[in-house]
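In: return a 3D structure for these sequence lines:
(2 chains)
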Amino acid sequence: MGCIENLKYEMILPLGASFKECREYAEKNFKEVWYVDPGYKLFDEYIIGLPPIALGIEDGKKIIFPYTKPCHGTYLLAVEDADEVERVRKTARKKK
Amino acid sequence: MTDTSQPQTNALIVLGCPEAPAQQALAFHVAYNLKKRGTDVLIAGNPSVLNLLKVSDPEKHYVTATMVLEKCIAEVVEKKRDCDLCVVFAHNDAAIAYAATMRYLLPERRLVVIIFGKDPGPLADEVNFPCEKIVDKAVHNPMQLRAKINEVFGWAVSRT
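Out: Model prediction:
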């Protein structure tokens, strides 16, 4: 998974989840949800998907995001990174 | 309706997972026909799908330029790469996500999404962004889908 593979990530939804399932899971299970568009850079990777792409934030330090690979589908991953959380809060659109 | 009589000069073909054999044959078909009409073609995909093409076309008769998909997406996001036509092959949910990404990144360009596989209907229903959709049940046999592709692009039907 490129750079993201080198991160310490937790798999929230396993490979094979649909993009829609990942978005719905993030929207339903996290109090803090932000939206970005395809091409948004997260952990040095450009995120792809059907806009708007939902990102969850947990405990102010963990980002939950979809990560798509051609042969596997979309994974919903969680990575702890307080700096990246702050960047998302400054650059993404908050769920109303 | 898109004017198919005007040849595009620069095309990007985005390939999905290579598990459906029809994809490779049709990728060659689309690349060949575009190239024959004077279009420069770049094919993007994961390393496996690109290696399948390279091994099948060692002298680059059909495929002259390839790029790993992540790098291609990065170049499009960074405005280092553009195209007149983007063709996305999609037989799973992930490929639809790539097609939606290309639609978002290239809003003014012609986008053709070729949706195939064992059960392409539900996948096609997910495509609710502006594009031309070509949908057909195809996994191993590319012939029927090839006919639909020819029709959309205005290419003469081959009898072979």
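
In: only C-alpha atoms from now on, for both contacts and neighbour counts.
Out: Will do.

In: how about residues contacting the helix or strand of chain A with the lowest mean pLDDT?
Out: Across the helices and strands of chain A, mean confidence by mean pLDDT, DSSP states H and E is lowest for helix A:2-5: a mean of 70. Where contact means Cα atoms under 8 Å, 6 or more residues apart in numbering or on different chains, the residues beyond helix A:2-5 that reach it are A:F43, A:D44, A:E45.

In: list the contacts for the last one?
Out: Which is A:E45. A:C3, A:I4.

In: before we move on, what SS does the residue nearest to the spatial centre of chain A have?
Out: Centroid-nearest residue in chain A, with Cα atoms, centre = their mean: A:F65, separated by 1.0 Å. Assigned by DSSP: H, G, I helix; E, B strand; the rest coil, the conformation of A:F65 is strand.

In: in the sheet, who's paired with it?
Out: On the basis of DSSP bridges, A:F65 is bridged to A:L77.

In: who's in contact with it?
Out: A:A26, A:A54, A:L55, A:G56, A:L76, A:L77, A:A78.

In: tell me how many other residues crowd B:L69.
Out: When neighbours are counted by other Cα atoms under 10 Å in any protein chain shown, B:L69 registers 21.

In: give me every residue that touches it.
Out: B:V14, B:A44, B:G45, B:N46.

In: if we use 10 Å, what do you get?
Out: Counting by Cα atoms under 10 Å, 6 or more residues apart in numbering or on different chains, B:L69 makes contact with A:69-70, B:14-16, B:43-47, B:50, B:75, B:98.

In: next secondary structure element downstream of the lengthiest helix in chain B?
Out: If you go by DSSP state H, chain B has its longest helix at helix B:22-36. Later in the chain than helix B:22-36, the nearest helix or strand by DSSP states H and E is strand B:40-45.

In: tell me what angle that following strand forms with helix B:22-36.
Out: With axes from the mean of the first three to the mean of the last three Cα atoms, to 10 degrees defining the directions, strand B:40-45 sits at 160 degrees from helix B:22-36.
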